[in-house]
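Q: Prediction below, plus the sequence it came from.
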Amino acid sequence: MNGKIISSLRGTYKVYVDGVVYTVFPKGNLKFKNKHLVVGDQVILDDENFMIFDVLDRKNELIRPKASNIDQLLIVMSVVEPDLSMELIYKFLTYANMNEIPSMVALTKMDKVKNLQEVHSLRQNLEKLGIKVFYISKDENSELKDLKDNLKDKTTVIMGQTGVGKSSLINSIDESFARAIGEYSTALGRGKHQTKEVILLPYLNGFIGDTPGFSSLELNIYKEDLATYFPGYTDYYLECYFSNCLHQNEKECKVKEKIEEGILAK
Ligand SMILES: Nc1nc2c(ncn2[C@@H]2O[C@H](COP(=O)(O)OP(=O)(O)OP(=O)(O)O)[C@@H](O)[C@H]2O)c(=O)[nH]1
Ligand SMILES: [Mg+2]
Ligand SMILES: [Zn+2]
């Protein structure tokens, strides 16, 4: 029997097989083969005692959020509480790009937006790069429906800071998910890490992954990665004169040329 790990808790795993969820242990030989298991893994259960006895090769695997076999990332950022950070959005997008995982962006708490112009221009810049953006709010202006249409048949993993509204968004997608919602602490200036574990929730023939929020962002991205994988740069960096161009003060830089032409956002 072949299924997907949708959550893990102290050495037991929930495995989803054709609409049925089994709580199972891994067989000892997995450890022996040094195969650790990750939420998102496709695993084989033996038909007799329903233990995991093998794991299939992953198409990808992220360290943060810790999950595998991701079809797309949904980067969630709030426009207030915590404040909108373009730097973080671009950092997440770069991380997704480095891992060759397509991504979309949801901007939440639009009902409380202060600087709408700034948000619109960010959206335009992202859309120019082919990145879908959805405005999410607690009022009727929410673009939730468009977002849902993009979740069908896919494993979509949500990532973002603590308190931006990842779990809230999942509950608006389908209230029966009943995810616990945390609060935003104005004193701390961040959320309170309500969600503690990665969990995949079956949805429209695919899965949505709720994940613990980031506080600070310790992704291993070096300046060379940024120069290569920053959204929009991937198409052009190979045409720079220097192969290790950081697109700063180097001569004959294709990226800077595209910025001058208005193809890439300044
Ligand atoms: N006004 C407004 N508040 C929202 C919206 N979405 C979420 N919130 C609030 O933001 C706070 C944090 O929401 P959560 O859904 O727990 O955030 P999270 O991203 O899952 O946080 P972690 O699990 O800690 O990573 C709660 O108080 C929500 O009510 C929104 O669209 N508008
Ligand atoms: Mg949460
Ligand atoms: Zn360059």
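A: That came in fine, so what should we check first? Note that the structure is a prediction, hence the values are computed from the model and not measured. Ligands and ions are numbered 1, 2, ... in the order given.

Q: for the stretch 151-266 of the chain, what are the low-confidence residue spans?
A: Across the stretch 151-266 of the chain, the ranges flagged by pLDDT under 70 are 216-218.

Q: Which parts of it are helices?
A: 166-173, 223-229, 254-260 (DSSP state H, counting those that start in this stretch).

Q: Ok, which of these comes nearest residue 78?
A: Nearest of the helices of the stretch 151-266 of the chain to residue 78, taken as CB to CB: helix 166-173 at 9.7 Å. Backbone N, C-alpha and C define where each C-beta goes, glycine included.

Q: Check the helices of the stretch 151-266 of the chain for me and report the most buried one.
A: helix 166-173 (a mean of 22; mean count of other CB atoms under 10 Å).

Q: what residues go with each domain of this structure?
A: For the chain, automatic domain parsing gives the domain ranges 2-55, 61-210, 223-260.

Q: Report the contact partners of residue 111.
A: Residues near residue 111 by CB atoms under 8 Å, 6 or more residues apart in numbering: 137, 138, 139, 141.

Q: and the closest residue to the second one other than its chain neighbours, which of the three is it?
A: Read that as residue 138. Spatial nearest neighbour of residue 138, chain neighbours left out: residue 111 (4.8 Å); criterion: CB to CB, 6 or more residues apart in numbering. Look at residue 111: counting by DSSP: H, G, I helix; E, B strand; the rest coil, its state is helix.

Q: residues touching the residue of the stretch 101-250 of the chain found nearest ligand 1, list them.
A: Per CB to the nearest ligand atom, residue 213 is where the stretch 101-250 of the chain lies closest to ligand 1, at 2.4 Å. Listed by CB under 8 Å, 6+ apart, the contact set of residue 213 reads 160, 161, 162, 163, 164, 166, 191, 193, 194, 195.

Q: I'd like to know which of those residues are buried.
A: 160, 161, 162, 163, 164, 166, 191, 194, 195 (16 or more other CB atoms under 10 Å).

Q: tell me which of the residues you listed is nearest to residue 79?
A: residue 164 (9.5 Å).

Q: surely the closest one meets residue 191?
A: Yes: between residue 164 and residue 191 there is a contact under CB atoms under 8 Å: 7.1 Å.

Q: Now the common contact residues for these two.
A: Shared contacts of residue 164 and residue 191, defined by CB under 8 Å, 6+ apart, comprise 82, 213.

Q: one step back: inside strands: which ones of the contacts of residue 213?
A: residue 191 (DSSP state E).

Q: I'd like the contacts of residue 213 as JSON lines, with distance to ligand 2 appended.
A: As requested, the contacts of residue 213 are arranged in JSON lines below (distance: CB to the ion, whole Å):
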{"residue": "160", "distance to ligand 2": "9"}
{"residue": "161", "distance to ligand 2": "10"}
{"residue": "162", "distance to ligand 2": "7"}
{"residue": "163", "distance to ligand 2": "8"}
{"residue": "164", "distance to ligand 2": "9"}
{"residue": "166", "distance to ligand 2": "5"}
{"residue": "191", "distance to ligand 2": "8"}
{"residue": "193", "distance to ligand 2": "8"}
{"residue": "194", "distance to ligand 2": "5"}
{"residue": "195", "distance to ligand 2": "3"}
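
Q: near ligand 3 too, which of the contacts of residue 213?
A: When CB under 5 Å from the ion is applied, no member of the contacts of residue 213 is adjacent to ligand 3.

Q: Which single one of the contacts of residue 213 is nearest to residue 84?
A: Among these, and counting by CB to CB, the member closest to residue 84 is residue 164, at 9.8 Å.

Q: Break down the stretch 1-150 of the chain into its helices, ranges please.
A: 28-32, 86-98, 116-128, 144-149.
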